[in-house]
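Asker: Structure here, sequence nowhere to be found:
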Ligand SMILES: Cc1cc2nc3c(=O)[nH]c(=O)nc-3n(C[C@H](O)[C@H](O)[C@H](O)COP(=O)(O)OP(=O)(O)OC[C@H]3O[C@@H](n4cnc5c(N)ncnc54)[C@H](O)[C@@H]3O)c2cc1C
């Protein structure tokens, strides 16, 4: 089958939905298809907890967009592009009020204005929230609006590959989970909004669908990926499962304590304490655990986690401000956070890097050229507003600000663009062969086994701390795992709801993403933000104040660079 739409959006999270809404607001006659491998409501955005940052001055009259921009740039360890950060922070209040008008149920102050709370690395109380279910509140309204504006939703369709010929994106191929139908889509513009890749690691806050498909698809089509070495490890993953206990809990005043009962952040970030940025807090927890001051389940020293202590907040505050975090700890590990501290340790959480785009969301082929017809937004894109480390509550903001901007840019872009041409049959045949090979291969290995080995390899050799030796070992093991991937076999060889086939495809993508993370990290011989090298512990601006651009091919990865836009805040030492 083949279809034609003016615009096809891959991804039904906050970025994809916000872009779709903007396109339809600007030109209701454009045909927009939104494809998602999950139902849009089940995109990872729905799990966002703590909030979305914007200078509304509802609590803090002294806050300014410049202060928000400075905090973001300092948080990024000066790697963020400052022109993009200016857009992010200046447009923030407007997009929040627009969400409010769409009907998003934000938490309120007694006088009815939107409530705002403290968040790590932010110098003012500027994070708007809906208790600790902010993503849920926003995504539901956006998805309702897709229907209202006549966006055609292809839910539970899996996009397999992107069709790029001679520097021009022309369409894509997608697979219907229900019955195995393959369909090619020809479009004047394609937007990738496929989210993150947390599943590359063995402990993550991300959902099962965060497998970096869009990144791998772009990389396989010859498009570079930017700054992939910067993986955010969130300090407070619930031990042992890894799901997130929101930073909002510390924003409301919770403490981090080691096995001696000390608030150890005093040694790492004496001013900001528990509200230091995530890279610093995750390193602090890891160092405490390595020094034997972590905690065992029986309470003794030397164990694998530290405590997040909410008890002093009292039941009323816990139940009104962070009820979901209380529920998670209670349901998953049997802890009542009103009377017991919660065991936590760092968990892979967010991708600062991604598909390189300009501030209109158009994808870069190189530092000075763009890919015709291709756009990206949200977590899969790198614009770059987060640089080497993202501040909490800036990601939902990025999805909404750059989702809207990219939507507007696309609505303009397609006005005088013709439908591109390509030989759909050749792509169908090639892809069908690839699927049949996976379905019919008589291997000896199970998907879960190879995936676990990949996740263990990445967590062990490219985690919170890395070094040349660990990363080289990681790359060696990955090469072996790639061979093992050729030996997997599937129990399910059917075309109806074959989720095992999807898992096999996702594992292939995780491997590509893992390899690009390792190669980019090996190349950056300094420590900056979330990238901490034991062999190069200092930031090195003269050599590395630049973005990484990694070009993938099955034969190897080529690493180039892209300049950083510094126009307002010159790099300084970063103290908290
Ligand atoms: C537990 C958790 C809590 C968070 N809390 C906050 C917070 O409080 N504040 C904040 O700012 N940020 C938070 N974040 C980060 C933020 O939620 C995400 O970065 C953001 O929601 C990503 O949105 P997105 O639209 O880019 O992608 P997602 O919401 O991840 O959506 C991706 C979409 O792409 C689709 N897709 C992917 N691959 C394919 C494919 N091959 N074919 C078809 N469809 C595909 C998926 O089905 C999905 O619809 C949190 C993240 C997590 C994991």
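Answerer: Received the coordinates, thanks. The model shown is predicted, which means the values in this text are computed figures rather than measured ones.
Asker: what ranges do the helices span in the stretch 201-350 of the chain?
Answerer: For the stretch 201-350 of the chain, the helices defined by DSSP state H, counting those that start in this stretch cover 213-220, 248-251, 278-290, 314-321, 323-333.
Asker: Report the residue ranges of every domain in the chain.
Answerer: With domains defined by automatic domain parsing, the chain comprises 235-345, 424-531.
Asker: Kindly check the end-to-end length of the last one for me.
Answerer: Read it as domain 424-531. One end of domain 424-531 to the other measures 42 Å (CA to CA, to the nearest Å).
Asker: Report the distance from it to the chain centre.
Answerer: Counting by CA atoms, centre = their mean, to the nearest Å, domain 424-531 is centred 18 Å from the centre of its parent chain.
Asker: need the residues of the stretch 201-350 of the chain near the ligand, please.
Answerer: With CB under 6 Å from any ligand atom as the criterion, the stretch 201-350 of the chain meets the ligand at residues 205-206, 209-210, 213-214, 244, 350. Just so you know, the C-beta spots here come from the backbone N, C-alpha and C atoms, and that holds for glycine as well.
Asker: Tell me the one of those nearest residue 231?
Answerer: Closest to residue 231 out of these is residue 350 (7.7 Å), distances taken as CB to CB.
Asker: bridging residues for that closest one?
Answerer: Under the criterion DSSP bridges, residue 350 forms beta bridges with residue 232.
Asker: Give me the pLDDT value at it.
Answerer: You'll see residue 350 listed with a pLDDT of 97.
Asker: Just the pLDDT for the residue in the stretch 151-300 of the chain that the ligand sits nearest to.
Answerer: Proximity of the stretch 151-300 of the chain to the ligand (CB to the nearest ligand atom) peaks at residue 195, 2.4 Å away. pLDDT recorded at residue 195 is 98.
Asker: Isn't it up against residue 376?
Answerer: No - taking contacts as CB atoms under 8 Å, residue 195 lies outside contact range of residue 376: 11.1 Å.
Asker: any shared contact partners between these two?
Answerer: Residues touching both residue 195 and residue 376 by CB atoms under 8 Å, 6 or more residues apart in numbering: residue 214.
Asker: The closest residue to residue 62 other than its chain neighbours: neighbouring residues, count only.
Answerer: Nearest non-adjacent residue to residue 62, counting by CB to CB, 6 or more residues apart in numbering: residue 124, 6.9 Å away. By other CB atoms under 10 Å, the residues close to residue 124 number 20.
Asker: which phi and psi does residue 124 have?
Answerer: The phi and psi values for residue 124, taken as degrees, to the nearest 10, are phi -130, psi 160.
Asker: For it, give its distance to residue 342.
Answerer: 27 Å (CB to CB, to the nearest Å).
Asker: Give the burial count for the nearest residue to residue 571 once chain neighbours are set aside, as a bare number.
Answerer: Among residues not flanking residue 571 along the chain, residue 78 sits closest, at 4.0 Å (CB to CB, 6+ apart). Residues within reach of residue 78, counting by other CB under 10 Å, total 22.
Asker: ok, residue 78 touching residue 565?
Answerer: No - in this structure residue 78 lies outside contact range of residue 565 using CB under 8 Å: 11.1 Å.
Asker: quick one: common contacting residues for the two?
Answerer: The contact sets of residue 78 and residue 565 do not overlap (CB under 8 Å, 6+ apart).
Asker: Now do the one helix or strand residue 503 maps to against helix 213-220, angle only.
Answerer: Under the criterion of DSSP states H and E, residue 503 resides in helix 499-523. If you take axes from the mean of the first three to the mean of the last three CA atoms, to 10 degrees, helix 499-523 sits at 60 degrees to helix 213-220.
Asker: Buried residues, helix 499-523. List them.
Answerer: Buried residues in helix 499-523, counted by 16 or more other CB atoms under 10 Å: 500-523.
Asker: With stretch 321-331 instead?
Answerer: Within stretch 321-331, the residues that count as buried by 16+ other CB under 10 Å are 321-322, 324-326, 328-329.
Asker: where does residue 190 land in three-state SS?
Answerer: Look at residue 190: counting by DSSP: H, G, I helix; E, B strand; the rest coil, its state is strand.
Asker: Could you do residue 412 as well?
Answerer: Classification of residue 412 by three-state DSSP places it in helix.
Asker: List phi and psi for the residue nearest to it when sequence neighbours are not counted.
Answerer: Leaving aside its sequence neighbours, residue 412 sits nearest to residue 26 (CB to CB, 6+ apart; 7.9 Å). The phi/psi pair for residue 26 (degrees, to the nearest 10) reads phi -80, psi -40.
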